[in-house]
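> need coordinates for the below:
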Amino acid sequence: MAATLYTGNATARSISNEVNGVSMQPDFVWIKDRSVANDHYLFDSVRGAGKELFSNLTAAEVTDVNQLTAFNSNGFSLGTGNGSNSTSSAIAAWQWKAGGTAVSNTAGSITSSVSANTTAGFSVLTYTGTLAAATIGHGLGVAPQMIITKNRAQAGYNWRVYHVSIGATNYMSLNLTSASAAASSVWNNTTPTSTVFSVAADGGSNNTDTMVAYCFAPVAGYSAFGKYTGNGSAEGPFVYTNFRPRFVLIKSSSDAVNWYVYDTSRDTSNLAGNQLYPNLSNAEVSSVGIDILSNGFKVRYNASPLNASGSTHIYACFAENPFKFANSR
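Purely as a prediction, here's the structure:
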């Protein structure tokens, strides 16, 4: 996983994600302009370069040859488009490596096209929904603990999020502030297995349209998905992950508040308080935050949205390095 920063120049170019001599070819690239209000741009290699979705919108997939134009061995290429390469804007690009070229997966009742990285516990897949109870192969070999889906073909449908800490009877929406809610139509009240996840008749997870899903499974020393309970204190909860996080996603499942993203590229020392919000187009704000530590993170705020007393918060974390290579901060 990479968190890459660059300055936009409205000129066709390539962006490298190399850090300390290590780089990778991403299969999922999530780009956000930090300087001004602009949508979040999400791209993946299964849908193809130039096919964009927006985490803060219900919009259908857009084809735009001026945004991300290629997935490269050490990063990605950009066109001249506003949002991903705006002149003089500070921009963040979060990237994950799946399995490269997608293959057909028939493990579920719906055939999916899957790019899976079983070592990193991450897959990108596309499928055509049925608007009826069905299963879909994810290719990970272990049960995913977070799944994000989106209707590609029709506008008006929310992003759907499954998270192990709220269970398959509930769902959340990446583009909304809503707390978790119960609905059997989203995940068919069925916990994902090592081969498939389940859907029912929901327009955001299984409409009769082309859909995309991003599936994440925990890998010791690399990724962690869980929850913590707020204590309403400036000495907020400590979350143990067994690694130093590079990227932290947090959302209260109890309250109607924003989603929050922190990373160690934008915050190189504690307090990590530079916030971006997956559900909003807002520019980056420096405000309430967390300490990112060698073995997890600690909340440093005494109230909502990160630490309301008694409220439950879900999180997803990805490591800078395996734990044995982590550095204290």
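> ok, now which ones touch residue 237?
228-231, 298-299, 307 (CB atoms under 8 Å, 6 or more residues apart in numbering). Where you see a C-beta, it was placed from the backbone N, CA and C, and this is true even at glycine.
> buried subset of those as a PyMOL selection?
To isolate the buried members of the contacts of residue 237 in PyMOL, using 16 or more other CB atoms under 10 Å:
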select buried, resi 228+230+231+298+299+307
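> I'd like the contacts of residue 237 as JSON lines, with distance to residue 111, secondary structure and pLDDT appended.
Shown next, in JSON lines, are these (distance: CB to CB, whole Å; DSSP: H, G, I helix; E, B strand; the rest coil; pLDDT from 0 to 100):
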{"residue": "228", "distance to residue 111": "38", "secondary structure": "strand", "pLDDT": "98"}
{"residue": "229", "distance to residue 111": "41", "secondary structure": "strand", "pLDDT": "98"}
{"residue": "230", "distance to residue 111": "42", "secondary structure": "coil", "pLDDT": "98"}
{"residue": "231", "distance to residue 111": "47", "secondary structure": "coil", "pLDDT": "97"}
{"residue": "298", "distance to residue 111": "44", "secondary structure": "strand", "pLDDT": "98"}
{"residue": "299", "distance to residue 111": "42", "secondary structure": "strand", "pLDDT": "98"}
{"residue": "307", "distance to residue 111": "44", "secondary structure": "coil", "pLDDT": "97"}
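> what separates stretch 103-121 from the chain centre, distance-wise?
18 Å (CA atoms, centre = their mean, to the nearest Å).
> and the contacts of residue 237, which is closest to residue 81?
Minimum distance to residue 81 across the contacts of residue 237 is 36.0 Å, recorded for residue 299 (CB to CB).
> okay, that closest one and residue 237: tell me how far apart.
5 Å (CB to CB, to the nearest Å).
> using CSV, please lay out the contacts of residue 237 together with distance to residue 143.
Putting these into CSV (distance: CB to CB, whole Å) gives the following:
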residue, distance to residue 143
228, 21
229, 24
230, 27
231, 30
298, 28
299, 27
307, 29
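> farthest-separated two in the contacts of residue 237?
Of all pairs in the contacts of residue 237, the most separated under CB to CB is 229 and 298 at 14.0 Å.
> helix/strand/coil for the residue nearest to residue 173 when sequence neighbours are not counted?
Nearest residue to residue 173 in three dimensions, chain neighbours excluded: residue 158, at 4.2 Å (CB to CB, 6 or more residues apart in numbering). Put simply, residue 158 is coil when judged by DSSP: H, G, I helix; E, B strand; the rest coil.
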